[in-house]
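I need the structure of the sequence given here:
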Amino acid sequence: MDEFRTILFLDIETVACSESYSFLDDRLKVQWARKAAFFRHRDNAQTDEQLFNEKAGIYAEFGKIIVIAMGKFGETEKGERTLRTKYFAGDDERQILLDFKAALEKMDQSVLKLCAHNGKEFDFPYLCRRMLVNGITLPSVLNMSGKKNWEVPFLDTMDMWKFGDYKHYTSLDLLTTLFDIPSSKGDMDGSKVNEVYYRENNLDKIAAYCSADVVAVAQLYLRLKGAPVVMQQNILNN
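Below is the predicted model of the structure:
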C-alpha cells in the first residue's frame, strides 16, 4: 500500500465553551481567573472576560470543538494522486466527536496515521481531552496509554520542518507561502473563529476555512517528502 494513503490529515476549529464569560458557572469562573492571571502582565489592563473571549478557545478545559475536517489521499484511474476532504461541524460538540470517532473506526487502525500542523501540541491532545470530557472512549489511534514514542501514530508537519530544532514555532501560513502552496487564509484566520461563530453565526465559513487548512497541510506534507502536490482538479470535497 502507498504509505501516503495510510495518513489521515486533520484540522480542528475551536471556540470558547460559552458565548460570554458571564455565562460560565461560578466554579469555572474561579478556574478561569487563575488561568487568566498567567496572561495578565503588569501593563495589561484586560479583564477576565476580555481574556476569556480572546483565549479560552485554545484550551480544552475552557473551549469546545465546532469543526473537525479531515483529508485522505487516493488515486484516479490514470494513477494521479487525489485528495478527498470531509468535515463534521455543528453546535453539538459531542455529536461531532462521535461522528468523527465512527469515521476513524471504519479505517484500518493497524496502519492509520494522523497528521496535522502542530498537531502534537494542539489538535491531537485537544481531541482526546474533549472526547473524555464528553464521556467518549478514545479510539485506538488516539489512545496513547502504554504506547512507546515510536508506536504513537502521529505525524506533524511543523515537527518535520523543525528537523530537531525546537526553538521556534513556524506557522502553516508561512510554510505554504515558502513552498508556494495556496493558503487557506483569506479574510479568515484562527483568531477570528470565536467572533465568526458567536457573533456572525457563520459555521459554514469556519468549516470551509478548516477544510482549506487540511488541504494545505496535506500539500505541505507532500512537499516535505519531496513529492509533487495534488493538482487542483483532483482535490475533492465531500
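
quick one: buried residues of the top strand by length along the chain?
What stands out as the longest strand in the chain, according to DSSP state E, is strand 63-75. For strand 63-75, burial by neighbour count (16 or more other C-beta atoms under 10 Å) applies to 63, 64, 65, 66, 67, 68, 69, 70, 71, 72, 73. To be clear about C-beta, it is placed using only N, CA and C from the backbone, and glycine gets the same treatment.

again, but for stretch 195-215
Quick answer for stretch 195-215 (16+ other C-beta under 10 Å): 196-197, 203, 205-215.

Which of these sits closest to residue 175?
residue 213 (12.0 Å; C-beta to C-beta).

number of nearby residues for residue 162?
14 (other C-beta atoms under 10 Å).

what's the single longest helix in the protein?
For the chain, the longest helix by residue count, based on DSSP state H, is helix 203-224.

Can you name every helix or strand that the helix or strand following it contacts?
Using DSSP states H and E, the next helix or strand after helix 203-224 towards the C-terminus is strand 235-237. In terms of contacts (3 or more C-beta pairs under 8 Å, 6 or more residues apart in numbering; DSSP states H and E), strand 235-237 is packed against strand 81-89.

In this structure residue 207 contacts residue 69, no?
Yes: counting by C-beta atoms under 8 Å, residue 207 touches residue 69, with 7.1 Å between them.

intersection of neighbour lists for those two?
Common contact partners of residue 207 and residue 69 (C-beta atoms under 8 Å, 6 or more residues apart in numbering): residue 87.

per-residue confidence for residue 1?
pLDDT, residue 1: 48.

Start at 289, not 1
All right, first residue 289 from here; so that's residue 289.

Give me the neighbour count for residue 522.
17.

Please apply the same query to the one 4 residues further on.
Using other C-beta under 10 Å, residue 526 has 9 neighbouring residues.
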